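Peer 1: Make a model of this:
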Amino acid sequence: MKLKDILTTNPRVIGPNAIICEAARLMNDYDIGMLPVCDGNNLVGAITDRDLATRAVAQGCDPLKTRVRDVMTPGIVYCYEDQELDEVAEIMERKQIRRIVVLNRDKRLIGIASMGDFAVRSKGEHLAEEMLECVCQPA
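Peer 2: Numbers count the residues shown, from 1 in each chain. You can find the predicted model right below:
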């Protein structure tokens, strides 16, 4: 099975110059834990709910003045829509990530795949369990 068969399409994105309050609001409104950060058509990183907690709130950053670029994770692990699920699962396990950005072969963002997508939509019932076990292991 290919990743394109289970991914969540049309992900919400945010720009690096947006304020973190906006990122938190989007995450809350759409019940998501990660936003790809795009500068125009270029994917430049991601911001997660954990980034907001550990790099912004814990450091006392002003949510109305702090920019996404100041607390985001630069660079990003990604995969392609035509990759096999077990191959993507291995990448997520190795990198210990719960969500992965999905690009087409033109390197355009088309979706996000989460461990939940693997659990709910993939036919490999043990794949999600194995991923969870590996991702939750201490590095």
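Peer 1: Which helix or strand in this structure has the lowest average pLDDT?
Peer 2: Lowest mean confidence among the helices and strands of the chain (mean pLDDT, DSSP states H and E): helix 125-135, at a mean of 58.
Peer 1: if I look at the residue lying closest to residue 74 once chain neighbours are set aside, how far off is residue 70?
Peer 2: Distances taken as Cβ to Cβ, 6 or more residues apart in numbering place residue 45 nearest to residue 74, at 4.5 Å, with adjacent residues excluded. C-beta: built from backbone N, CA, C; applies to glycine. Distance, residue 45 to residue 70, by Cβ to Cβ, to the nearest Å: 11 Å.
Peer 1: isn't residue 43 right next to residue 110, touching?
Peer 2: No. At 11.1 Å, residue 43 does not count as touching residue 110 under the criterion of Cβ atoms under 8 Å.
Peer 1: so what sits against both of the two?
Peer 2: Listed as contacting both residue 43 and residue 110 by Cβ atoms under 8 Å, 6 or more residues apart in numbering are residue 103.
Peer 1: What residues of whichever strand or helix holds the residue nearest to residue 74 count as buried?
Peer 2: According to DSSP states H and E, residue 45 maps onto strand 42-48. Using 16 or more other Cβ atoms under 10 Å as the test for burial, strand 42-48 gives 43, 44, 45, 46, 47, 48.
Peer 1: and what of stretch 93-102?
Peer 2: Buried residues in stretch 93-102, counted by 16+ other Cβ under 10 Å: 93, 97, 98, 99, 100, 101, 102.
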